[in-house]
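Undergrad: this is a predicted model, with the sequence first.
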Amino acid sequence: MDMIIGTDKLDARQAAEQLTLLPHWQHDAERGAISRSYRFADFVQAFAFMTQLALVAERCNHHPEWSNVYDRVDIVLTTHDLGGLSQRDIDLARCADEAFARFAAPT
């Protein structure tokens, strides 16, 4: 889960281009945020996913807005300091998708 730390706000064209690589994420252009819900087998998997992503977020000093109810984790990403999306949000979304794929993979 390597992250590129981009600190510039993405313009509309850049955001649209980056979001083609994140088809499960919803874009709220007005808010300057992206969001996604993940479903897991149970609470333990959901919490393990959050733990993995929390370690990445802390290392990169870029923290998601999120909530957890049993087997569901809802995430919103935006760069508050910039008032919109940055490469940091895209990278963290990609890390979240990669972590989720490991839970969804058959063992």
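TA: That came through fine.

Undergrad: point out where the protein drops to low pLDDT.
TA: Applying pLDDT under 70 to the chain flags the ranges 1-7, 105-107.

Undergrad: where do the strands sit along it?
TA: Under the criterion DSSP state E, strands of the chain are mapped to 26-28, 33-39, 65-69, 72-77.

Undergrad: how about these, which one is nearest residue 98?
TA: Checking the strands of the chain against residue 98 by CB to CB gives strand 33-39 as the closest, at 12.0 Å. Bear in mind the C-beta positions are built from the backbone N, C-alpha and C, glycine included.

Undergrad: who does that closest one pair up with?
TA: On the basis of DSSP bridges, the sheet neighbours of strand 33-39 come out as strand 26-28 (antiparallel), strand 72-77 (antiparallel).

Undergrad: report the separation between the residue nearest the centre of the chain and residue 80.
TA: In the chain, the centroid-proximal residue (CA atoms, centre = their mean) is residue 93; its distance is 2.8 Å. Residue 93 is 16 Å from residue 80, where distance means CB to CB, to the nearest Å.

Undergrad: cool, residue 8 as well?
TA: With CB to CB as the criterion, residue 8 and residue 80 are 15 Å apart.

Undergrad: give the contact list for residue 32.
TA: Contacts here follow CB atoms under 8 Å, 6 or more residues apart in numbering; on that basis residue 32 touches 9, 78-79, 83-85.
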